[in-house]
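[1] the following comprises the amino acid sequence and a computationally predicted model.
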Amino acid sequence: MTSTKGGQFAPETGGQLHRILHLISKQEIIDTINASKSYRVAGNGSENGPGKNHFDLIIIGGGSAAFSAAIKAEELALSTLMVNAGLPFGGTCVNVGCVPSKTLIRAAETVYHSTHSNFAGIKPKGVDIDFAQVIKDKKNLVATLQQKKYLDVVGDFENLQMIEGWAEFLDNKTILVNGKDKYTALKFIIATGATTNVPEIEGLQEVGYLTNATLFDLEEKPESITIMGAGYIGLEIAMAYNRLGVKVRIIEFTDRVLRTQTPDISEELEKQMRSEGIEILPNFRAIKFEKSGADTIIYCKCADGSITKLVEQGRVVVVSGIIPNTKRLGLQNIGLNLTEKNHIVVNEKLETNVSNIYAAGDVNNTPAFVYTAAQEGKVAVENAFAGAEKKVDYTSLPWVVFTDPQVAGAGLDEVQAESKGIPFEISKLPLSEVPRSIAARDTRGFIKLIRNKESDKLIGARVVAPEGGELIQQLSMAIKYGITVTDLAQSLYPYLTLGEGIKLAAITFGKDVSKLSCCAS
């Protein structure tokens, strides 16, 4: 196509341009502009689109990632539809995860401290437990926070619509909800989360098993429970319910609890749990379940190949990991890439292999935490519509297991550092060397730091301690910003705080802190 010097197209080409533009609809031009990362046609998608069922953004899911995405979309004035099914709006965290589990853990700690004392001069007299009231209080808290921190937050949004229903992709621009209503959008965020992985074991479906989604609602206290799985969810449930007066047994098909962590962490937890009367059976793989009257018979295969029969007079609780909610989404219709375990494959910018579809939260091949899900939802919207090109960096990600003692970590452990070929060194300080712990008569646990030997920078940390989770953010920030172990050792810490243990652990790389006076470095 040629033009004249003044910028006007020559007559013979002007007719061609007119014919080309005539073949392109207004909506196609709008969609092309809106699909870019830097430009949008003024007005929202429902105004520009083919009817009321067209949006700039459709979010599939109703948990933390979804709500975070909706908040950012409202800031950008995007017409947005949130489609949710399964759990109520708010998702796993507020309904059946973080909120109910942590309030039950705190309730159980109250019971424990009313019956156990670290001080010879203090004799606890016990406690009366109204189990049904504890669960009712939990339900009230869940309902309050679901309303206050989720529904009320988006209640006055002008550009957000929310519907309940199962969404299925027909193509990369269209979903079908509940098998009848079609909705279209320029872009999508899949934030459908994950659910308990219930293994296919003979008889399990027939014995009336529970998961965290159903256990936390039982107002009648079970006399006993057998927990399948010794990951962080299983361990938190075990400690809470044991302290609330339920006899607890854990069966774990690997050789120890919290298998994702190093053995010293597992040993510390197992020691405490066994001391409280929790039965732990490692290398027990459940292969069959059957009912015998009111009892449940569990057949387990042991490490030596023998079969052991366990009798559970109470309930079976399945917490053997989680699986992403990717079924029923019609992902095969859009060719979306999944991992072997059916997580959605995303890059650091939360992009999938389909250009207008993003994914955020537990449905992804990324760390499964409520706070990472929220960050991913926000970043996905910014990248999809604002051209932000933001990446989510998990190098210094902090995490906590709310057992007692708590387990917290950030960055690499020694096994991970070795696998990456990093020249590393560790220091491990028992809490018996921390003045705060000594004064509290509670020296369970340790602080472990991992540094790069060449740069002296902190690259990882693990803490096992009562309230140890309160330390991990400082260590996460040290990893993120390249703080050296020398910096940690030479900083000032308030005396008789657990945080002072970080200083002492840093000093331990070069000195024996047992030979130092109080506050010395």
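    Perfect, thanks for sending it.
[2] which strand is the longest one in this protein?
    strand 181-190 (DSSP state E).
[3] show me what that strand packs onto, helices and strands only.
    strand 54-60, helix 64-75, strand 80-84, strand 174-177, strand 357-359, helix 370-385 (3 or more CB pairs under 8 Å, 6 or more residues apart in numbering; DSSP states H and E). Where you see a C-beta, it was placed from the backbone N, CA and C, and this is true even at glycine.
[4] the same query, at a cut-off of 6 Å, please.
    strand 54-60, strand 174-177, strand 357-359 (3 or more CB pairs under 6 Å, 6 or more residues apart in numbering; DSSP states H and E).
[5] check contacts around R436.
    By CB atoms under 6 Å, 6 or more residues apart in numbering, the contact set of R436 is L496, T497, L498.
[6] looking at those, which is nearest S101?
    L498 (23.0 Å; CB to CB).
[7] next, the residue nearest to that closest one when sequence neighbours are not counted: phi, psi?
    Spatial nearest neighbour of L498, chain neighbours left out: R436 (5.0 Å); criterion: CB to CB, 6 or more residues apart in numbering. For R436, the backbone dihedrals (degrees, to the nearest 10) come out as phi -60, psi -40.
[8] and the pLDDT at R436?
    Note on R436: pLDDT of 96.
[9] so which of the contacts of R436 is the closest to D393?
    Taking CB to CB as the measure, D393 sits nearest to L498 out of the contacts of R436, at 27.5 Å.
[10] that closest one: helix or strand, and which one exactly?
    Under the assignment given by DSSP states H and E, L498 is not contained in any helix or strand.
[11] one more: the one 5 residues further on?
    With secondary structure defined by DSSP H and E, K503 is part of helix 500-507.
[12] what lies in contact with that helix?
    S427, L429, V434, I447, L449, V485, L488, A489, Y493, V513, S521.
[13] swap in 7 Å and give it another go.
    427, 429, 431, 433-436, 447, 449, 471, 474-475, 485, 488-489, 491, 493-494, 513, 521 (CB atoms under 7 Å, 6 or more residues apart in numbering).
[14] can I get it in CSV? Just the C-alpha atoms.
    Taking Å, rounded to 0.1, in the frame of the first residue of the first chain, the C-alpha atoms of helix 500-507 are listed here in CSV:
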residue,chain,number,x,y,z
GLU,A,500,17.6,-12.8,70.3
GLY,A,501,18.0,-16.4,69.3
ILE,A,502,18.6,-15.3,65.7
LYS,A,503,21.6,-13.2,66.8
LEU,A,504,22.9,-16.2,68.8
ALA,A,505,22.4,-18.6,65.9
ALA,A,506,24.4,-16.2,63.7
ILE,A,507,27.2,-16.0,66.3
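[15] if we can go back for a sec, are any of the contacts of R436 buried, and which?
    In the contacts of R436, burial by neighbour count holds for L498, counting by 16 or more other CB atoms under 10 Å.
[16] report the distance from stretch 272-281 to the chain centre.
    Relative to its parent chain, stretch 272-281 has a centroid offset of 26 Å by CA atoms, centre = their mean, to the nearest Å.
[17] can you point out the buried residues in it?
    Neighbour count says stretch 272-281 has Q272, M273, I278, E279, I280, L281 buried, by 16+ other CB under 10 Å.
[18] dump these into TSV; add distance to K149 and secondary structure as well.
    Formatted as TSV, those follow (distance: CB to CB, whole Å; DSSP: H, G, I helix; E, B strand; the rest coil):
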residue	distance to K149	secondary structure
Q272	32	helix
M273	32	helix
I278	33	coil
E279	37	strand
I280	36	strand
L281	39	strand
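[19] if I pick the closest residue to C518 other than its chain neighbours, what's in contact with it?
    Spatial nearest neighbour of C518, excluding adjacent residues (CB to CB, 6+ apart): P435 at 6.2 Å. Residues near P435 by CB under 7 Å, 6+ apart: Y495, L496, E500, C518.
[20] nearest to N84 among the residues you listed?
    Ranked by distance to N84 (CB to CB), the contacts of P435 are led by E500 at 45.8 Å.
[21] determine the three-state secondary structure at K52.
    Following DSSP: H, G, I helix; E, B strand; the rest coil, the label given to K52 is coil.
[22] correction: the previous question concerned A408.
    strand.
[23] any idea which residue sits dead centre in the chain?
    F369 (1.7 Å; CA atoms, centre = their mean).
[24] and that residue, how far from G193?
    Plainly put, F369 is 12 Å away from G193 if you go by CB to CB, to the nearest Å.
[25] likewise for F289?
    Noted for F289: a distance of 27 Å to G193, by CB to CB.
[26] tell me which of the two has more neighbours.
    G193 (28 against 21; other CB atoms under 10 Å).
[27] residues touching the residue lying closest to that one once chain neighbours are set aside, list them.
    Closest residue to G193 apart from its sequence neighbours, by CB to CB, 6+ apart: D362 at 4.6 Å. By CB under 7 Å, 6+ apart, D362 lies in contact with G193, A194, I322, P324, A368, A373.
[28] how far away is the residue nearest to S320 when sequence neighbours are not counted from N337?
    Leaving aside its chain neighbours, S320 sits nearest to G229 (4.1 Å; criterion: CB to CB, 6+ apart). Counting by CB to CB, the gap from G229 to N337 is 28 Å.
[29] the more surrounded of those two?
    Under the neighbour definition other CB under 10 Å, G229 and N337 were set side by side, and G229 has more, 24 against 13.
[30] show me the shaky parts of this structure.
    1-51, 519-521 (pLDDT under 70).
[31] domain parsing for it?
    Split into domains by automatic domain parsing, the chain comes to 25-197+323-392, 204-320, 398-515.
[32] list the contacts of the closest residue to L215 other than its chain neighbours.
    Excluding its sequence neighbours, the residue lying closest to L215 (CB to CB, 6+ apart) is V317, at 5.6 Å. V317 is in contact with L210, T211, L215, I225, I227, M228, I237, counting by CB under 7 Å, 6+ apart.
[33] pull the contacting residues for E351.
    Y358.
[34] oh sorry, the question was meant for G126
    S114, T115.
[35] just checking, it is part of a helix?
    No - secondary structure of G126 (three-state DSSP): coil, not part of a helix.
[36] assign a three-state SS to A132, would you?
    Here A132 is recorded as helix under three-state DSSP.
[37] number of nearby residues for it?
    As a measure of burial, A132 has 12 neighbours, counting by other CB under 10 Å.
[38] next one: V316
    Close neighbours of V316, defined as other CB under 10 Å, add up to 20.
[39] surely it touches T296?
    Yes - at 5.7 Å, V316 counts as touching T296 under the criterion of CB atoms under 7 Å.
[40] give me phi/psi at K515?
    Torsion angles at K515 (phi, psi; degrees, to the nearest 10) stand at phi -100, psi 10.
[41] that one: neighbour count?
    7.
[42] ok now the longest helix seen in the chain, how far from the chain's centre?
    Taking DSSP state H as the criterion, the chain has its longest helix at helix 98-115. The chain centroid and the centroid of helix 98-115 are separated by 21 Å under CA atoms, centre = their mean.
[43] now, the contacts of V317 that are in strands?
    I225, I227, M228.
[44] tell me the bridge partners for the second one.
    Put plainly, it is I227. Counting by DSSP bridges, I227 is bridged to I250, V317.
[45] hang on, it packs against I237?
    Yes - judged on CB under 7 Å, I227 makes contact with I237 at a distance of 6.2 Å.
[46] identify the contacts common to these two.
    With CB under 7 Å, 6+ apart, I227 and I237 have common neighbours V317, V319.
[47] let me know how buried N347 is, in neighbour terms.
    Residues lying near N347 (other CB under 10 Å) number 11.
[48] for it, what are its contacts?
    Contacts for N347 (CB under 7 Å, 6+ apart) come out as none.
[49] can you show me the CA trace of stretch 276-290 as PDB?
    Included here for stretch 276-290 are C-alpha records, laid out as PDB according to Å, rounded to 0.1, in the frame of the first residue of the first chain:
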ATOM      1  CA  GLU A 276       1.300 -35.900  74.700                       C
ATOM      2  CA  GLY A 277       0.000 -39.400  73.900                       C
ATOM      3  CA  ILE A 278      -0.500 -39.200  70.200                       C
ATOM      4  CA  GLU A 279       0.200 -42.500  68.500                       C
ATOM      5  CA  ILE A 280       2.300 -42.200  65.400                       C
ATOM      6  CA  LEU A 281       2.700 -45.200  63.000                       C
ATOM      7  CA  PRO A 282       5.300 -44.500  60.300                       C
ATOM      8  CA  ASN A 283       5.600 -46.800  57.300                       C
ATOM      9  CA  PHE A 284       1.900 -47.800  57.600                       C
ATOM     10  CA  ARG A 285       0.200 -47.700  54.200                       C
ATOM     11  CA  ALA A 286      -3.500 -48.200  54.300                       C
ATOM     12  CA  ILE A 287      -4.600 -50.700  51.700                       C
ATOM     13  CA  LYS A 288      -8.200 -51.600  52.700                       C
ATOM     14  CA  PHE A 289     -11.000 -50.400  54.900                       C
ATOM     15  CA  GLU A 290     -14.100 -52.200  56.100                       C
END
